[in-house]
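J.: got a predicted structure here, sequence first:
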Amino acid sequence: MKQTPTPSTLSRQIGETARRVRNSMGLTLGEVARRSNISSAMLSRLENGEVSASLETLAALTSALGIPLANLFNDIGKPQGVAQHVPKGQGLEVVRRGTKRGHTYHLLASNRGPRRAFEPFLVTLNDKSEVFPGFEHRGTEFIYLLEGSLTYRHGDETHLLKPGDALTFSGEVPHGPEKLIKTPIRMLSIIVYTDADRD
């Protein structure tokens, strides 16, 4: 029999989702607090499930994160097992630095705990995508090209990627697509963090 989530469970799940989305965008607590006009202390309590935020507060938060309000409730009522199954096409769409350039990111899994171990994304680039070669972030990134072809720059090196090709590199070195050769382009991007990389 399916149990109705308690208020404390709801607050915890909403907070976990908010923190997961914020981390996936590489934003600090302070940055989101400023964007949403919510105090850092309040935002911290919300992410930790210590408060039941009003709809107005949640709306301000999701506006600052660039996601629909409904996304905060995606995990409500779902069983909390150790496996995460994301059906085709249902990965959480998130906003990252390339979003404004026509890049689409779907998060395929999320950390249950407070620290990120890895982040897997399905990245889609199309004819309208602008090249944006200035990505820099913590961790080691692994890219596997599923469809299309492009040249991908990492530091001073440029790599031609075709379907089935893989590329692994340090995220702290400037990197990104350089030339879109055949679109649409779909690639799996997995960022792995060490203890030193985590927030």
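T.: In hand now; what should we look at? Numbering: from 1, shown residues only.
J.: centre-most residue in this protein?
T.: Among the residues of the chain, the one closest to the centroid is Ser24, at 3.3 Å (CA atoms, centre = their mean).
J.: skipping its backbone neighbours, what lies nearest that residue in space?
T.: Val94 (4.9 Å; CB to CB, 6 or more residues apart in numbering). All C-beta spots, glycine's among them, are computed from the backbone N, C-alpha and C.
J.: report pLDDT for the one you found.
T.: Val94 is assigned a predicted lDDT (pLDDT) of 70.
J.: ok, it - how many residues close by?
T.: Neighbour count for Val94, taken as other CB atoms under 10 Å: 21.
J.: and it, what are its bridge partners?
T.: Beta bridges link Val94 to Tyr105, judged by DSSP bridges.
J.: residue contacts, it?
T.: The contact partners of Val94, by CB atoms under 8 Å, 6 or more residues apart in numbering, come to Val21, Ser24, Met25, Ile67, Tyr105, His106, Leu107, Phe121.
J.: isn't the second one up against Glu119?
T.: Yes: the criterion here is CB atoms under 8 Å, and Ser24 meets it with Glu119 at 6.0 Å.
J.: now do the shared contacts for those two.
T.: By CB under 8 Å, 6+ apart, the residues touching both Ser24 and Glu119 are Leu107.
J.: who does His159 bridge with?
T.: Beta-bridge pairing for His159 (DSSP bridges): Tyr152.
J.: go on, Glu141?
T.: Going by DSSP bridges, Glu141 forms beta bridges with Phe169, Ile191.
J.: just the closest of the contacts of Val94 to Gln13, please.
T.: Val21 (12.8 Å; CB to CB).
J.: name the residues of the helix or strand where that closest one lies that come out as buried.
T.: Counting by DSSP states H and E, the element that carries Val21 is helix 7-24. Buried residues in helix 7-24, counted by 16 or more other CB atoms under 10 Å: 10-24.
J.: and those residues, which is closest to Phe135?
T.: Distances from Phe135 to those, taken by CB to CB, are shortest for Ser24, at 13.9 Å.
J.: show me where the chain has strands.
T.: 92-94, 104-107, 118-125, 140-154, 157-161, 166-170, 175-192 (DSSP state E).
J.: nearest to Ala59, out of those strands?
T.: Nearest to Ala59, of the strands of the chain and by CB to CB, is strand 92-94 at 18.0 Å.
J.: domain parsing for this protein?
T.: Per automatic domain parsing, the structural domains of the chain span 7-73, 92-192.
J.: now these in JSON lines, with distance to Val86?
T.: JSON lines is the format used below for these (distance: least, CB to CB, whole Å):
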{"stretch": "domain 7-73", "distance to Val86": "13"}
{"stretch": "domain 92-192", "distance to Val86": "5"}
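J.: who wins for proximity to Ala83 among the ones you listed?
T.: Closest to Ala83 of the domains of the chain is domain 92-192 (CB to CB; 9.8 Å).
J.: now the end-to-end length of that closest one.
T.: For domain 92-192, the separation between the terminal residues is 19 Å (CA to CA, to the nearest Å).
J.: just how off-centre is it within its chain?
T.: In terms of CA atoms, centre = their mean, to the nearest Å, the centre of domain 92-192 is found 12 Å from the chain centre.
J.: with that, I have no additional questions.
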